[in-house]
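Asks: This is a predicted model, with the sequence first.
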Amino acid sequence: MLFCNQTKWPGPDPFHVDDCLQGQDLTYIGLCYRKIITHDNQIWRAENASALSLPIFIVQLLVILSITRLLTFAFRPLHIPRIAAEMLGGFLLGPSGIGFTDFATTYLSPFGSIVTMENMANIGLVYFMFMVGLEVDMKPVLRAGKKPLSIALAGLILPVPIGFALYHLLLQNFGQPLPRNTPTKYGPLFWGIAIGTTNFPDLAGILADLKLLHSDIGRTALTSAVITDLFSWFFFVVTMSIVNSGRLNSFLATMAFVGCCFVIVRPNVKWALRKTTKDENYRQTHVCFILTGVIICAYITDSCGAHSIVGAFLFGVILPKGELKNTIMEMTEDFVSGLLMPLFFYVIGLRTDRHWMFERNVDIGTILIVIMLAFVAKVLSTFVIAFFVNKMPPKDCLALGLLMNTKGIVALLIISSGREIFALDIQTFTVLVFALWTMTTAVGPILFLTYKAKKQIRLYKYKTIRSIEGNSEFRILACVHSTRNASGLINLLQSSNPSQQSPLVVFAAHLVELVGHASAMLIVHDTCKPNTGRDKQNSDQIIQAFQNLESDNFSVQPLTAVSAYNTMHEDICSLAEDKSVTLIVVPFHIQTGATEGGLETTANSPFRSVNKNVIDNASCSVGLFVDRGFIAPSVLSESVSDRVDCPLAMLFIGGRDDREALAYAWRMAKGPKMSLTVIRFIPGKNAAEVSPFIQDDDDDDEGGGILNAMVDIEKEKPLDDQYIGEFKLKSKDDPSMRLIEEVVDNGEEVVTMINSMEARYDLFIVGRGKGVISPLTSGLSEWCEYPELGPVGDLLVCSNFATDSSVLVVQQGDGSVDEQEGMGQVREEFGHMTWHPPEMNKYFAPFIHRRVRMTDDGHHL
């Protein structure tokens, strides 16, 4: 049986719907549907067991989860956010897709199952908004400057009135004017608020995907989004109070409950948690009471005339953050976001019907104009304020406007609430839903194609370790996965010879896998605590260990980077660029095991892919550290009384990476209680010539690849000889350093020489040998088990002769300055070798007397 507000009672045919469809005010349609009667005395509870509420609900859940996961996977390469895929999944299952087919109305969404699904979706929505409130941090809002505050206000002042105007523009095309007393006169309020919102969680996801999360524009957008959401919530509460009966009483009751939560509920909750817990060890009992409080607060605000989600959001805001938040998120986030929230998008899809968009003389042009104006409103207002008030570059202003136009669950929730109370009819609701979907879908791809994070133009270039020696600070980014590889890195940093002339600046980054959160996060421990509860104790121990290293010449800034494994290298490289570091040190994915000198095999470790991606993408130098119990001399002298030195060995074959590794070993050897032996392998007369063919080159460019490789060989050898000559000259009077030159003909002789060094050295430092073509490593390269270590590094790690020696493999960054610029030379003068420091650029060095030499013909030279 079917009737609507245009028909007082169904006609002779209870299923004839023409009278309803001819009505002008389609705010609701009522249905009477058949109910399955159960039989207690039969084997089956119904004639068709699949028609019961629970089986249908399970089918609905499986279908919406499958479709949204497939769409999310398909949209990921296009940088389209997940919420757009979930909304599209709801559209496909609703009347806009297959919702009116016989199969869908019988098996997927029969009328009797919609109430059950809506109730479950509302429960999921309540708990989701509670988690959103739990994630809200009021500190950035309270400390917000003029820029984010002005952008947030601009995103509301212009779009809200435009939403009013677009609503009335659309209604004029729907036919005759609306009856005066119909509740749809409040529709403009919901349109205006929805167009003015900015969804914080989905915005953070887009920023993380585009690697703009830690940029200036990313921080500005996030802070402005939080402020915008808070204002939107306030307007939403006011609107709900106006629409509902009671109006002023409803608004005052909601505001009184808000004040009660901050003044009474919040301190009492803190007191109860403090009395029932010890050292913030929260149990499942605490979480159960908290989740019960969410339902109570949602019930109170719903009774006040606002909405149940307001109370849930407010309860999340007032709860203490820290370990309690982490515990609740770990226990509930996957269930709520992964299982319950897709049902909400299913309900949105069922309420959306594309067929009604073009009824009543509304053409495609009108729809496109409304969607375009709704899209442009917030972009334009944000651009104007950012450009004229905050003096931002035009490209950044446009990108910021697009980011602030990100819509999500908050906007859908607002218009869905308007649909439930009949403030929006089918047409206006459908048009706005598609407009919101278009806005959110377009942001990610447009920014990915048109906007790239612009780096500030700085005079700084990536320096090599050799170029910073003795005259500037040495900046290192030390990455740690767990406490097991923290001790070795700490000992390595202690041995890096911090001095007054060249102090050590270390950025200690604890890398944590991102599980279930919306975006990657970078946490500076000076201002806040780690955000992942399960790693909190582990992270605290690591950060405390690094902070203990601080001294006059040794500064440490601890960080925690929370990111997915497949994008963790991008955060590491971005952090290295922001901090202008010279060297990134990452731990090898295989760690020492329980047996002495043994290795713990971690097959398919995600850390290996992280290391390889860092090596391939970093612009500065990278060190891959294989720790086998390396101990700094300061620690060694305290624990072992009969041995106070730390012997180092540097294996030099040639190339940029070997010179960079020698520079780091040389720096370490200048420290107290350190000794260095440099073993240079020189090809003998019988060494076979290796074809300089580059396998990565295309066949068409084979000749060019060979020519470039031959040029590189001729270029690298003089630089190797020059740097070795510099080391020999400067270390000849230092008994802690020595150079050994070994003539070998092939890789087998190299292996034999390395085997003879067993148990002599605590640390081997080698270059990765990227791009090096040598007869001494050609045979070794073919049998590399870990190519990221290079042939020599792989030999040291995988062989059994040096199981107690740690290994550091160094690769010089591709973005480093040319080694020939700013480097001195070793020259032979007056019968002996002398060192000549680098010459200043005559044309750009200020306050330098410029000597002018004349040629024989009188011209300037």
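Replies: Looks like it came in fine.
Asks: Name all residues that make contact with Leu380.
Replies: Leu380 makes contacts with 158, 401, as judged by C-beta atoms under 8 Å, 6 or more residues apart in numbering. C-beta here means a position set from N, CA and C on the backbone, and glycine is covered the same way.
Asks: Check Ile468 too.
Replies: By C-beta under 8 Å, 6+ apart, the contact list for Ile468 reads 474, 502, 582.
Asks: Over to Thr406?
Replies: Listed by C-beta under 8 Å, 6+ apart, the contact set of Thr406 reads 81, 198-199, 202-203, 206, 225, 439-440, 443.
Asks: What strand or helix carries the spatially closest residue to it that is not a sequence neighbour?
Replies: Ranked by C-beta to C-beta, 6 or more residues apart in numbering and with sequence neighbours excluded, the top spatial neighbour of Thr406 is Leu203, at 4.5 Å. Using DSSP states H and E, Leu203 falls within helix 200-209.
Asks: tell me the average confidence for that helix?
Replies: The pLDDT scores in helix 200-209 average 80.
Asks: how about that helix as CSV, C-alpha atoms only?
Replies: C-alpha atoms of helix 200-209 as CSV (Å, rounded to 0.1, in the frame of the first residue of the first chain):
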residue,chain,number,x,y,z
PHE,A,200,38.9,17.5,8.0
PRO,A,201,39.5,13.7,7.8
ASP,A,202,39.2,13.5,4.0
LEU,A,203,41.3,16.6,3.6
ALA,A,204,44.1,15.1,5.7
GLY,A,205,43.9,12.0,3.5
ILE,A,206,44.2,14.0,0.3
LEU,A,207,47.2,16.0,1.7
ALA,A,208,48.9,12.8,2.7
ASP,A,209,48.4,11.3,-0.7
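Asks: For the following helix or strand past it, which helices and strands make contact with it?
Replies: Using DSSP H and E, the helix or strand that follows helix 200-209 in sequence is helix 216-243. Contacts defined by 3 or more C-beta pairs under 8 Å, 6 or more residues apart in numbering; DSSP states H and E place helix 216-243 against helix 138-142, helix 146-157, helix 187-196, helix 200-209, helix 248-260, helix 308-318, helix 394-404, helix 409-420.
Asks: what angle sits between the helix holding Leu203 and helix 409-420?
Replies: Relative orientation of helix 200-209 and helix 409-420, computed by axes from the mean of the first three to the mean of the last three C-alpha atoms, to 10 degrees: 150 degrees.
Asks: Which parts of the stretch 551-700 of the chain are strands?
Replies: Under the criterion DSSP state E, counting those that start in this stretch, strands of the stretch 551-700 of the chain are mapped to 554-563, 583-587, 591-592, 599-600, 621-626, 646-652, 674-683.
Asks: Please point out which parts of the first one sit buried.
Replies: Read that as strand 554-563. Within strand 554-563, the residues scored as buried using 16 or more other C-beta atoms under 10 Å are 554-563.
Asks: Looking at these, which one is closest to Ala253?
Replies: For the buried residues of strand 554-563, the minimum distance to Ala253 (C-beta to C-beta) is 40.1 Å, reached by Val562.
Asks: Who is that closest one paired with across the strands?
Replies: Val512, Met521 (DSSP bridges).
Asks: Verify the stated contact: it with Val512.
Replies: Yes. Taking contacts as C-beta atoms under 8 Å, Val562 lies within contact range of Val512: 4.7 Å.
Asks: so the one helix or strand Leu492 maps to versus strand 554-563, what angle?
Replies: Element membership for Leu492, per DSSP H and E: helix 486-494. Helix 486-494 and strand 554-563 are oriented at 140 degrees to each other (the same axes, to 10 degrees).
Asks: quick one on the thing from earlier: looking at the strands of the stretch 551-700 of the chain, which is nearest to Val243?
Replies: Nearest to Val243 among the strands of the stretch 551-700 of the chain is strand 554-563; the distance by C-beta to C-beta comes to 40.9 Å.
Asks: May I have the distance across stretch 208-227, first residue to last?
Replies: 20 Å (C-alpha to C-alpha, to the nearest Å).
Asks: about what we covered before: from the contacts of Ile468, which is closest to Ser774?
Replies: Checking the contacts of Ile468 one by one against Ser774 (C-beta to C-beta), the nearest turns out to be Thr582, at 26.4 Å.
Asks: And that closest one, how far from Arg266?
Replies: For Thr582, the distance to Arg266 equals 47 Å [C-beta to C-beta, to the nearest Å].
Asks: could the buried residues of strand 554-563 go into JSON lines alongside distance to Phe130?
Replies: Listed next are the buried residues of strand 554-563 as JSON lines, based on distance: C-beta to C-beta, whole Å:
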{"residue": "Phe554", "distance to Phe130": "44"}
{"residue": "Ser555", "distance to Phe130": "41"}
{"residue": "Val556", "distance to Phe130": "37"}
{"residue": "Gln557", "distance to Phe130": "34"}
{"residue": "Pro558", "distance to Phe130": "31"}
{"residue": "Leu559", "distance to Phe130": "29"}
{"residue": "Thr560", "distance to Phe130": "25"}
{"residue": "Ala561", "distance to Phe130": "27"}
{"residue": "Val562", "distance to Phe130": "22"}
{"residue": "Ser563", "distance to Phe130": "25"}
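Asks: Could you count how many residues lie near Phe103?
Replies: Phe103 is flanked by 8 other residues according to other C-beta atoms under 10 Å.
Asks: List phi and psi for Gly747.
Replies: Main-chain dihedrals, Gly747, degrees, to the nearest 10: phi -70, psi -30.
Asks: so it makes contact with Glu782?
Replies: No. Counting by C-beta under 8 Å, Gly747 sits too far from Glu782 to count as a contact (9.2 Å).
Asks: In terms of packing, which of these two has more residues around it?
Replies: Shown here are Gly747 and Glu782; by other C-beta under 10 Å, Gly747 has more neighbours (21 against 9).
Asks: if I look at the more buried one, how far off is Val797?
Replies: For Gly747, the distance to Val797 equals 16 Å [C-beta to C-beta].
Asks: Gln60 too?
Replies: To Val797, Gln60 is 53 Å away according to C-beta to C-beta.
Asks: and what of Phe358?
Replies: Applying C-beta to C-beta, the value for Phe358 to Val797 is 67 Å.
Asks: And these two? Which one has more around it.
Replies: Per other C-beta under 10 Å, whichever of Phe358 and Val797 has more neighbours is Val797, with 23 against 14.
Asks: what about the helix or strand hosting the more buried one, distance to the chain center?
Replies: For Val797, the host element (DSSP H and E) is helix 790-798. How far helix 790-798 lies from its chain's middle: 33 Å, per C-alpha atoms, centre = their mean, to the nearest Å.
Asks: With stretch 619-627 instead?
Replies: With C-alpha atoms, centre = their mean, you get 22 Å for stretch 619-627.
Asks: And that stretch, what's buried?
Replies: 620-627.
Asks: cool, and stretch 721-732?
Replies: Across stretch 721-732, burial judged by 16+ other C-beta under 10 Å covers 722-728, 731.
Asks: Now tabulate the residues you listed in a markdown table and tack on distance to Pro775 and pLDDT.
Replies: Shown next, in a markdown table, are these (distance: C-beta to C-beta, whole Å; pLDDT from 0 to 100):
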| residue | distance to Pro775 | pLDDT |
| --- | --- | --- |
| Gln722 | 22 | 90 |
| Tyr723 | 21 | 90 |
| Ile724 | 19 | 90 |
| Gly725 | 23 | 90 |
| Glu726 | 25 | 90 |
| Phe727 | 24 | 90 |
| Lys728 | 24 | 89 |
| Ser731 | 28 | 87 |
